[in-house]
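Colleague: 3D, please:
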Amino acid sequence: MDPRGLETLRAVGTQGGVTAAAAVLHVTPSAVSQQVALLQREVGVPLTERVGRGVRLTPAGEALAAAAVDVAVALERARAACDEFVARPQGVVRVSAFQSGAQLLLPALLTRVASLEGITLECTDEDVAQDDFVALTDRMDVVVAHRPDDGAGWAAQGVLVVPLLREPLDLAVPLDHPLACRAEVRPEDLRDLSWIAVREGFPVAGVLGAVGARSGTAPRILHRVNDFHVVESLVAAGHGVSLLPRYTFGGGAKVRLVPLAGVRAGRRIDALLRRDRAERLVVRRVLDEFRALAAEIDVA
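Modeller: Residues are numbered from 1 along each chain as shown. This is a model prediction of the structure:
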């Protein structure tokens, strides 16, 4: 059974179709269809089925795609066993992070990894809805994702989840706001305020919902902006209050961050990896640097 065919079938499942699978595999859709057809002839049972204008895996296809994970892990483990005997393992590690997480982590990560000979980092920023982070692991070695404090993680979706740190979310107000001088605020202090929120489906939206539930009043949301730098500028100009991550924006002079009491307000930052990619020695070393960096931030 060709490992390339198994990887192709797996990508069709995780990406939700032939065209999306072709994009992450850097091949044409027809090449994907041919690989799946070849695999299907080999096993003798249907692996995909039509759904509208697309395709999805059949139960047999899902079972084979799950088994493909074990095959990929075994192959990467074999390569890693050889790498252990190389004085300086070499390779490119592709890292994706949501924007504010990239701001918090990537500059120092690049500095740390620069001292590891033979490892090259290729970084990009991608902020997607929480449910879409797992799909990024098909084309990235390490995906830095975020979720609400009490939100469900991604382990059930078949990826390795490495917790990095918890970042508190604070109330961001203009410097001359009546709440700016407070040591902390509670949800009941936030009734009747105008809010700048992120779009639904993103972690901070869930935290704001919890604040509203504790205050007994639904937040009055005027604007939805995902770029925290834009949010910071809007808050500074007096166009509403918001929630901003403490480590990333706490050192700025444009707004005042006030801790929230009476509600668990924070986000969890995790690294997501496919199990086979996690076997690569260069990926493991980058992951070690991520852990060490996150520990330094927590201590600070």
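
Colleague: drop to CA atoms for contacts and neighbour counts, all remaining ones
Modeller: Noted.

Colleague: model confidence score at Gly151, please.
Modeller: For Gly151, the model assigns a pLDDT of 68.

Colleague: what about Leu171, which SS state?
Modeller: Following DSSP: H, G, I helix; E, B strand; the rest coil, we place Leu171 in the strand state.

Colleague: quick one: it and Leu193, what's the gap?
Modeller: Leu171 sits 11 Å away from Leu193, going by Cα to Cα, to the nearest Å.

Colleague: of the two, who's got more company?
Modeller: Neighbour count, other Cα atoms under 10 Å: between Leu171 and Leu193, Leu171 has more, with 23 against 14.

Colleague: which residues does that one contact?
Modeller: Applying Cα atoms under 8 Å, 6 or more residues apart in numbering, one finds that Leu171 lies in contact with Val241, Ser242, Leu243, Leu244, Leu257, Val258, Pro259, Leu260.

Colleague: ditto for Ser242
Modeller: Ser242 sits next to Leu171, Ala172, Val173, Trp195, Ile196, Ala197, Val231, Val235 when contact means Cα under 8 Å, 6+ apart.

Colleague: what does Pro168 give?
Modeller: Pro245, Arg246, Tyr247, Ala265, Gly266, Arg267.

Colleague: in helices, which of those residues fall?
Modeller: If you go by DSSP state H, those have Arg246, Tyr247 in helices.

Colleague: which one of the contacts of Pro168 sits closest to Ala74?
Modeller: Proximity of the contacts of Pro168 to Ala74 (Cα to Cα) peaks at Arg267, which lies at 33.8 Å.

Colleague: so that closest one versus Glu200, what's the distance?
Modeller: From Arg267 over to Glu200 the distance is 15 Å, taken as Cα to Cα.

Colleague: in the sheet, who's paired with the spatially most central residue of the chain?
Modeller: Closest residue to the average C-alpha location of the chain: Ala145 at 2.0 Å, with Cα atoms, centre = their mean. Beta-bridge partners recorded for Ala145 (DSSP bridges): Asp270.

Colleague: I'd say it and Ala97 touch.
Modeller: Yes: assessed by Cα atoms under 8 Å, Ala145 is found in contact with Ala97 at 6.4 Å.

Colleague: OK, contacts around the residue nearest to the centre of the chain?
Modeller: By Cα under 8 Å, 6+ apart, Ala145 lies in contact with Ala97, Phe98, Gly101, Gln130, Phe133, Ile269, Asp270, Ala271, Leu272.

Colleague: so can I have a markdown table of these showing pLDDT, distance to Pro187 and neighbour count?
Modeller: Listed next are the contacts of Ala145 as a markdown table, based on pLDDT from 0 to 100; distance: Cα to Cα, whole Å; neighbours: other Cα atoms under 10 Å:
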| residue | pLDDT | distance to Pro187 | neighbour count |
| --- | --- | --- | --- |
| Ala97 | 97 | 30 | 26 |
| Phe98 | 95 | 27 | 19 |
| Gly101 | 94 | 26 | 21 |
| Gln130 | 86 | 25 | 19 |
| Phe133 | 93 | 30 | 20 |
| Ile269 | 95 | 24 | 22 |
| Asp270 | 95 | 27 | 22 |
| Ala271 | 96 | 31 | 23 |
| Leu272 | 96 | 32 | 25 |
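
Colleague: what's the burial count for Ala295?
Modeller: For Ala295, using other Cα under 10 Å, the count is 13.
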